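> pasting the sequence and the predicted model now:
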Amino acid sequence: MGNKEVKIHFLGAAGTVTGSKYLLEADDCVFMVDCGFFQGEKLLREENWKHLPYEASQIDYVLITHGHLDHVGYLPRLVAQGFKGRILGTAPTLAITKIILEDSAKIQEEEAKKANEEGYSKHNPALPLYTLEDVTATLSLFDVQCKDEWIALSRKISARFRYNGHILGATFIEIDICGKSFVFSGDIGRKQDVLLYEPDKPEKADYLFLESTYGDRSHPQENVEDQLVKIINDTIYRRGNLIIPSFAVERAQTLLIILWRLYKKNKIPDIPIIIDSPMGDRVLDVFLTYGTWHKIDVDEFKAMINHVRIVSSYRETWEIIDSNRPKIVIAGSGMVTGGRVLTYLQQLIGKEGTTVLLVGYQAEGTRGRDLLDRKKELRFFGRNYAVNARIEYISSLSAHADREELSGWLSGLKKNPETIYLVHGEAQVIEQFKKEIQEKYNFNVYIPRLYEVLTVNLES
């Protein structure tokens, strides 16, 4: 490969939302942007078991946009395959990534053990994708980077991380390769967010890798507080439980601050609010540590924490389930793919007094999508459970930019990119978003396929 060429490998989030992984061979440096888990459909999840189609020991860096599992969850697998380079990200991103990976490994180890004990896995023995020991090896490669500061990756390649909302520490990444600008959007946050500031916008991008999660729709202009009040009061009236499957990062904290403010305004009674997510508890500490990255006053944040019950043991989980008092339970995971929320659903989803509130994106093939699609049964722990609970959905709590916000994020560009690559979206969504961008900006848009490899000539 000539030193004026860049080879781009689309190893994830191409034609699908999850598994973000992009590998670039450029000049004298090989690096990845994000290294995420595939989630959702079984065929996609099986990709997590495959080796990366590139020699891991030859990769110099992994640059992380943010700490969600679909952007960092494959890192321990990469390290196990021989990666010994540096993993770069902002301080809050790497703090969250540590929590996410340790929680992921723990869940995988527990689920493999449970499957082996109860014999419901097709594999004998069932194995975790990686262990806590693998995660420890991964953490040793973390290298914290400052926001907005250029760093040299090689003689002709430099990069910087810029604020992007979405979750604490999230950034988009600008990479200069021989004078050409490669921009990876990561996941773009909302203009008006309860917790976070408005995302920055790129001014220059010769090649732009743009997420498209909500590229086909606008978030409704709904009053979240009024909706929550109605759902909570209805739950209390029916003497039931409100179960909120939630991502432990950002979404859980958003819900907690909204519920705290509703209580302070006397819009909801002093109903028990429980966060049953060991990871969510640890993320609260990250918010306190990195106060400049969000807009919640420290005193208000501490008052909110003191108002809720944070579950510290599995024994407490069962105490909460056994209590007949109406309550709000926020538990991982956000797409109901695993975690503590399954224990609650196992006991409560068959009861008509239960309400399950979905508050984030639900990928195809996840249990969360099944609930959103009003499926009558949910399968987990090796058996089917009847869904008699009420299912509610508040889409405007999403941490992802919608169609207008994604399109508006491009408005800061001072000249047309040579190519925009649409990634991180379901196939039909990306096609619609491509038309929108072409009609609005007349940009050249390309939709890559999973595992496609493209070569860009920097002299053209």
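That came in fine, so what should we check first? Residues are numbered from 1 along each chain as shown.
> every contact and neighbour count from this point should use C-alpha atoms.
Fine.
> give me every residue that touches residue 190.
Residue 190 is in contact with 165-166, 198-199, 399-402, 405, counting by Cα atoms under 8 Å, 6 or more residues apart in numbering.
> and the pLDDT at residue 460?
We have a pLDDT of 65 for residue 460.
> same question for residue 82.
97.
> quick check: the residue lying closest to it once chain neighbours are set aside vs residue 152, distance?
Spatial nearest neighbour of residue 82, chain neighbours left out: residue 57 (4.8 Å); criterion: Cα to Cα, 6 or more residues apart in numbering. Going from residue 57 to residue 152 by Cα to Cα, to the nearest Å gives 20 Å.
> which residues in the chain form helices?
In the chain, the helices defined using DSSP state H lie at 42-45, 69-72, 75-80, 91-118, 132-139, 224-237, 251-264, 278-289, 298-307, 314-322, 341-348, 367-372, 403-409, 427-441.
> Serialize those to a markdown table and add fields for distance to residue 29 and mean neighbour count.
Output for the helices of the chain, formatted as a markdown table (distance: least, Cα to Cα, whole Å; neighbours: other Cα atoms under 10 Å):
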| stretch | distance to residue 29 | mean neighbour count |
| --- | --- | --- |
| helix 42-45 | 29 | 14 |
| helix 69-72 | 21 | 24 |
| helix 75-80 | 17 | 22 |
| helix 91-118 | 22 | 20 |
| helix 132-139 | 21 | 18 |
| helix 224-237 | 47 | 16 |
| helix 251-264 | 36 | 19 |
| helix 278-289 | 32 | 19 |
| helix 298-307 | 42 | 14 |
| helix 314-322 | 46 | 13 |
| helix 341-348 | 43 | 20 |
| helix 367-372 | 40 | 21 |
| helix 403-409 | 29 | 19 |
| helix 427-441 | 30 | 16 |
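> dump those to a markdown table, plus distance to residue 124.
Output for those, formatted as a markdown table (distance: least, Cα to Cα, whole Å):
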| stretch | distance to residue 124 |
| --- | --- |
| helix 42-45 | 18 |
| helix 69-72 | 26 |
| helix 75-80 | 21 |
| helix 91-118 | 7 |
| helix 132-139 | 21 |
| helix 224-237 | 43 |
| helix 251-264 | 36 |
| helix 278-289 | 29 |
| helix 298-307 | 43 |
| helix 314-322 | 27 |
| helix 341-348 | 23 |
| helix 367-372 | 25 |
| helix 403-409 | 45 |
| helix 427-441 | 35 |
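> spatially central residue in the chain, please.
Centroid-nearest residue in the chain: residue 68, 3.6 Å away (criterion: Cα atoms, centre = their mean).
> number of nearby residues for residue 170?
Residue 170 is flanked by 28 other residues according to other Cα atoms under 10 Å.
> need the contact list for it.
Per Cα under 8 Å, 6+ apart, neighbours of residue 170: 65-67, 90, 93, 163-164, 186-187.
> now the two most distant members of those residues.
90 and 187 (14.8 Å; Cα to Cα).
> is the nearest residue to residue 308 once chain neighbours are set aside in a bridge, and if so with what?
Distances taken as Cα to Cα, 6+ apart put residue 273 closest to residue 308, at 5.2 Å, once the chain neighbours are dropped. Following DSSP bridges, residue 273 is listed with bridge partners residue 328.
> in this protein, which helix or strand is least confident?
Using mean pLDDT, DSSP states H and E, helix 278-289 stands out as the lowest-scoring helix or strand of the chain, at a mean of 86.
> got the angle for it vs helix 298-307?
For helix 278-289 against helix 298-307, the angle by axes from the mean of the first three to the mean of the last three Cα atoms, to 10 degrees is 160 degrees.
> quick one: residue 290 and residue 246, what's the gap?
Taking Cα to Cα, one finds residue 290 at 21 Å from residue 246.
> the two: which has the busier surroundings?
residue 246 (27 against 13).
> show me how this structure divides into domains.
As assigned by automatic domain parsing, the chain contains the domains 5-217+399-457, 224-397.
> so what's the gap between the first one and the chain middle?
On the basis of Cα atoms, centre = their mean, to the nearest Å, domain 5-217+399-457 is displaced by 10 Å from the centre of the chain it belongs to.
> end-to-end on it?
5 Å.
> go on, the last one?
Its start and end residues considered, domain 224-397 measures 8 Å (Cα to Cα).
> and for stretch 128-143?
End-to-end distance (Cα to Cα), stretch 128-143: 26 Å.
> can you list the residues that contact that stretch?
48-49, 75-77, 79-80, 84-89, 94, 98, 101-102, 105-106, 108-109, 111-112.
> ok, now stretch 404-417?
188, 190-191, 201-208, 212, 215, 218, 437, 443-444.
> go through these and flag which are in strands.
207-208 (DSSP state E).
> which of the contacts of stretch 404-417 are buried?
Among the contacts of stretch 404-417, those classed as buried by 16 or more other Cα atoms under 10 Å are 188, 190-191, 201-202, 204-208, 212, 215, 437, 443.
> elements contacting the least confident helix or strand of the chain?
Using 3 or more Cα pairs under 8 Å, 6 or more residues apart in numbering; DSSP states H and E, the elements in contact with helix 278-289 are helix 91-118.
> name the helices or strands packed onto the helix it packs on?
By 3+ Cα pairs under 8 Å, 6+ apart, helix 91-118 packs against helix 69-72, helix 132-139, strand 142-144, helix 278-289.
> so for it, mean pLDDT?
pLDDT averaged over helix 91-118 gives 89.
> okay, the angle between that helix and helix 132-139?
Going by the same axes, to 10 degrees, helix 91-118 makes 160 degrees with helix 132-139.
> partners of the nearest residue to residue 444 once chain neighbours are set aside in the sheet?
Distances taken as Cα to Cα, 6+ apart place residue 419 nearest to residue 444, at 5.1 Å, with adjacent residues excluded. Beta-bridge partners recorded for residue 419 (DSSP bridges): residue 207.
> burial count for residue 419?
16.
> just checking, it touches residue 447?
No. In this structure residue 419 lies outside contact range of residue 447 using Cα atoms under 8 Å: 10.1 Å.
> residue 162 touches residue 169, doesn't it?
No. Using Cα under 8 Å as the test, residue 162 is too far from residue 169 to be in contact (9.5 Å).
> much appreciated, bye for now.
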